[in-house]
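Novice: Got a predicted structure here, sequence first:
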Amino acid sequence: MYPAWAKEVDECVEIFGTDKVSGLNSKDVSEIRGVYGFNELEKHEGTSFWTLIVDQFHDTLVRILLLAAVVSFLLAWFGDGGSDFSAFVEPFVIFLILIVNAIVGVWQETNAEKALEALKEIQSELTTVIRDGIKIHNMPVKELVPGDVVELRVGDKVPADMRILKLVSSTLRVEQGSLTGESEAVNKTIKPVCEDSDIQGKKCMVFAGTVVVTGTSICLVTQIGMGTELGKVHEQIYNAAQCEEDTPLKKKLNEFGEALTMVIGIICLLVWIINVKYYLTWEYVDGMPRNFKFSFEKCTYYFEIAVALAVAAIPEGLPAVITTCLALGTRKMAQKNALVRKLPSVETLGCTTVICSDKTGTLTTNQMAVSRLVAIGGKGDVLRTFRVDGTTYNPLDGKIHDWPVGAMDANLEMIAKIAAVCNDSSVSLSENKFVVNGMPTEAALKVIRCCSQWEKTEHRIATLEFDRERKSMSVIVISQSGKRSLLVKGAVENLLERSTSIQLPNGSVAKLNTKSKAVILNSLHDMSTNALRCLGFAYKSELHEFATYDGDADHPNHEILLEPSNYKSIESELTFVGMVGLRDPPREEVHQAIKDCREAGIRVMVITGDNKSTAEAICREIGVFGAEEDIRLKSLTGKEFMQLENPKAHLGQCGGLLFSRAEPKHKQEIVRLLKEDGEVVAMTGDGVNDAPALKLADIGIAMGITGTEVAKEASDMVLADDNFTTIVAAIGEGRSIYNNMKAFIRYMISSNIGEVASIFLTAALGIPEGLIPVQLLWVNLVTDGPPATALGFNPPDKMLMKKPPRRSDDSLINAWTLFRYLVIGLYVGVATVGVFITWYTHDSFLGIDLSRDGHTTVTYSQLAHWGKCASWNNFTVSPFKAGAQVFSFENDPCEYFKAGKVKATTLSLSVLVAIEMLNSLNALSEDTSLLAMPPWVNPWLLVAMAVSFGLHVLILYIPFLAHVFGTVPLSLNEWILVLAMAFPVILIDEVLKFLGRRTKWIFRTSTEASAKQKSE
């Protein structure tokens, strides 16, 4: 890239083969376009629709589920010839889950491309260019080529990166904050700068997508399209999008899925090995196995059990419950002004360890405000300093400390008059908020006390515009008495050079001597070191050549005002009256939010495009740094950071860090290194320059009020109020949501462990299949769904933001919790299989009469060898009732173990449902007893339990549903048996929780202490 910013104008013109007056000729334009192409941002090839669909099936759990659905469908088709609709319910429901999951995934990924589209909207569409000596208006921007000469006027959007050739007006100011992060419009010049200057330092360049706010200039196009700074941002956003990673929870669920695959494989293999004797038999002849007999029917049966195991092991309802919980979380966050654009971000917020925050508009108000007012005191040898409160453009916001009671003295009145009248901005109330029209610095002066009255008494008749040489602006005003005067504001040093006197409090004028000047300059130095932007005020009461001027163009001296070179002589022999210090003040609530972050073990790093001294002063004030802390090693510019030999070591320092004059590439590098070091990074930003880092961060947070569309589209979350405090509140909400998600994930996984144990015990004991796949699917999707979702409403832990963030690699389930749920799962298996065996082998159990339905009891041995029923002599079975149905087995008594198991299966299913409802109460807290945290702390859970049990009752008592799910109605005694078998799960988990609390010190790590130390 040719460093046009470091070269003189004539050299640049020569290199690009153009003329600064007549521009390029048309013939050259065609040749140059053949080399550089059109001035437009590249359109990257997006991921194809079919590739996006295939990508949704890379998840291990999804693949297992897909395999189970396919096998289940084939078994239903070939087993019943496609005649029994109920056999297809299971594969149909699984396929439906997979389709919905794929649709949601594709929709989320297609949104990722919108940031690039929004970036293109920043480019201007038309511009004014000079070619062949002719000025061409409204030329399409895409037709510009390097070497073109372009005219820029106020309000124009810069069409390409350009070197300024000539300033037509005295001043050119460009608003480039969205690209560089600077809080104010920048004065431009034609003078070259150092070749290694950062983007903010290239004062002789204007950049594509920025806006001219003052002045007119002639510029030379040096870079177009992807070669511009805007094009680099476009490329960085695209590259960052390719580096997007799964959220911590998604990674954990993927790991869980891989482990689950292995466990399912091992259990299925065990089931086949245990039952091989049923479908493969042989005889030993001469010590060698001979006469092998293979039963395809029984082999298929045990294959169905393997499918049932897969269905039991996979928490099919988990994706739906997680999505529901995250969606509910987004609603809670929206109430706190945090608008979540991507659901997984809710969970990721909970483990944020570092917040990389922009300064302007996030930590500060992005509204300039007067912080200090300095007036002349005594006889001119002392100054009066007034501290000014207030952080907004509301005139009633804040106050001026030590302001005189009653009438102001003449000196303070003059300061107020100049602030109000020598001012081109206005502040108005619109939709319950104060809106600025004009420069923020001038708007801040408008809200100084008593300014408004001067606008009514002083009438402006001429304006001497600001220019970069004299660094001042002035107006000629006429008062109600008809007296003319000149009111001036500008850089304090420049006004002092042109002042000969100072105004005293009583309105009299004294000579500006060396002592008075030194006092003023000392005060100026003090304000400057506190990162205040200083403006001086002066006036001139004797305007000899304009004593009769009234703004009429026919006045003999009107021509003097048309030439800016005369302004300096007009602004001479001034009377200096005082000065103000302005700044973009920090938000009042940010200091407490930074303190909350420190207590929560979260480090705050400030990354801003603003200058170093201003940023350091703000960071000290809000608590990122201590008031007396040595920050020489903690405050670097972006360029200094990139030159470090070991940047990771710098980022690993304890406490807060500051990076000023940061460019997009610096922000990206900081985020990348932090992520490599295992940190979970939340990045805030509002400008185009922030978009790549927002895209790369774990959580990109854009500003809703001041943020560009590019930043919003690249982000995961948008702050409706642009307030840093909202981020901290959202992190607290994210932690609460994650804790609740852990609760229902543990609940669902423990339930699935119970189902696996049930099926494994059934296969191991050789008894008829107790639970069929469609029943397991119903339990996992429908019955477990409401309680799992309701666990998302658990009240937050009061000490939530006093604990360090969890590590992104922390396990969902630790060793002790896994042991607990293995014990619970084993009991679920024993209870569901136990009630199945009990119905077949006992007339009564625990004093509960089970014989009223008239069923026949068999021995356990007969039940375990039911496959040999056909060889039993004189085996008969009596008919039994279930609701209004009568089951008779006169023709084939062996059907008692197939069609006749419907009552035992219903009992097993009911015990499973009842246990899982009670187990949801256990999941209210990982360690706390139900005596300390009773069920009614989450009334939604009680409602959900009632709903789930009600749904279970429906599939027992509605004939159509009973036929589909293979169930029958139960009698009162049988319901009592179900509850008796289910209730012990509460007692078992209470004992395990008690043991867990007593032995928790064994598993405690030093994470909390180390995280807290690092944040401090």
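Specialist: Alright, I've got the coordinates.
Novice: Before we go further, Met605 is sitting in a helix, right?
Specialist: No. Counting by DSSP: H, G, I helix; E, B strand; the rest coil, Met605 is located in no helix; its state is strand.
Novice: Across the sheet, point out what pairs with it.
Specialist: Counting by DSSP bridges, Met605 is bridged to Cys356, Leu657.
Novice: ok, it to Leu930 distance?
Specialist: Distance of Met605 to Leu930, computed by CB to CB, to the nearest Å: 43 Å. The way it works is simple: take the backbone N, C-alpha and C, and place the C-beta from them, glycine included.
Novice: got any ranges where the stretch 101-250 of the chain has weak pLDDT?
Specialist: Applying pLDDT under 70 to the stretch 101-250 of the chain flags residues 101, 104-124, 181, 183, 241-249.
Novice: Actually, the stretch 351-500 of the chain.
Specialist: 398, 449-452.
Novice: mind redoing it with 50?
Specialist: Along the stretch 351-500 of the chain, no part satisfies pLDDT under 50.
Novice: End to end on stretch 416-432, go ahead and measure it.
Specialist: 26 Å (CA to CA, to the nearest Å).
Novice: and if you look at stretch 668-683?
Specialist: Start-to-end, stretch 668-683 (CA to CA) is 10 Å.
Novice: between Met605 and Leu930, which one's more packed in?
Specialist: The residue with more neighbours, out of Met605 and Leu930, is Met605; 22 against 16, by other CB atoms under 10 Å.
Novice: show me the contacts for that one.
Specialist: If you count contacts by CB atoms under 8 Å, 6 or more residues apart in numbering, Met605 has them with Val354, Ile355, Cys356, Ser357, Leu651, Gly656, Leu657, Leu658, Phe659, Ile670.
Novice: Tell me the spacing between the residue lying closest to Ala702 once chain neighbours are set aside and Ala593.
Specialist: Ranked by CB to CB, 6 or more residues apart in numbering and with sequence neighbours excluded, the top spatial neighbour of Ala702 is Ser715, at 3.7 Å. Separation of Ser715 from Ala593 (CB to CB): 19 Å.
Novice: So the two - more neighbours on which side?
Specialist: Using other CB under 10 Å as the criterion, Ser715 and Ala593 rank with Ser715 on top: 31 against 22.
Novice: could you pull out the strands for the stretch 1-150 of the chain?
Specialist: Ranges of strands within the stretch 1-150 of the chain are 126-131, 134-140, 149-152, based on DSSP state E, counting those that start in this stretch.
Novice: Please work out which of these is packed deepest.
Specialist: Across the strands of the stretch 1-150 of the chain, averaging neighbours per residue (mean count of other CB atoms under 10 Å) puts strand 149-152 on top, at a mean of 23.
Novice: Mind checking what helix or strand follows that strand in sequence?
Specialist: Note on strand 149-152: by DSSP states H and E, the next helix or strand toward the C-terminus is strand 161-167.
Novice: In that following strand, which residues are buried?
Specialist: Within strand 161-167, the residues that count as buried by 16 or more other CB atoms under 10 Å are Asp161, Met162, Arg163, Ile164, Leu165, Lys166, Leu167.
Novice: Among those, which one lies nearest to Phe845?
Specialist: Closest approach to Phe845 among those (CB to CB): Asp161, at 84.8 Å.
Novice: quick one: contacts for the closest one?
Specialist: Contacts of Asp161 by CB under 8 Å, 6+ apart are Met205, Val206, Phe207, Ala208, Val221, Thr222, Gln223, Ile224, Gly227, Thr228, Glu229, Leu230.
Novice: Please flag which of those residues sit within strands.
Specialist: Of these, the ones assigned to strands by DSSP state E are Met205, Val206, Val221, Thr222, Gln223.
Novice: pretty sure the last one contacts Pro146?
Specialist: Spelled out, that is Gln223. Yes. Between Gln223 and Pro146 there is a contact under CB atoms under 8 Å: 6.9 Å.
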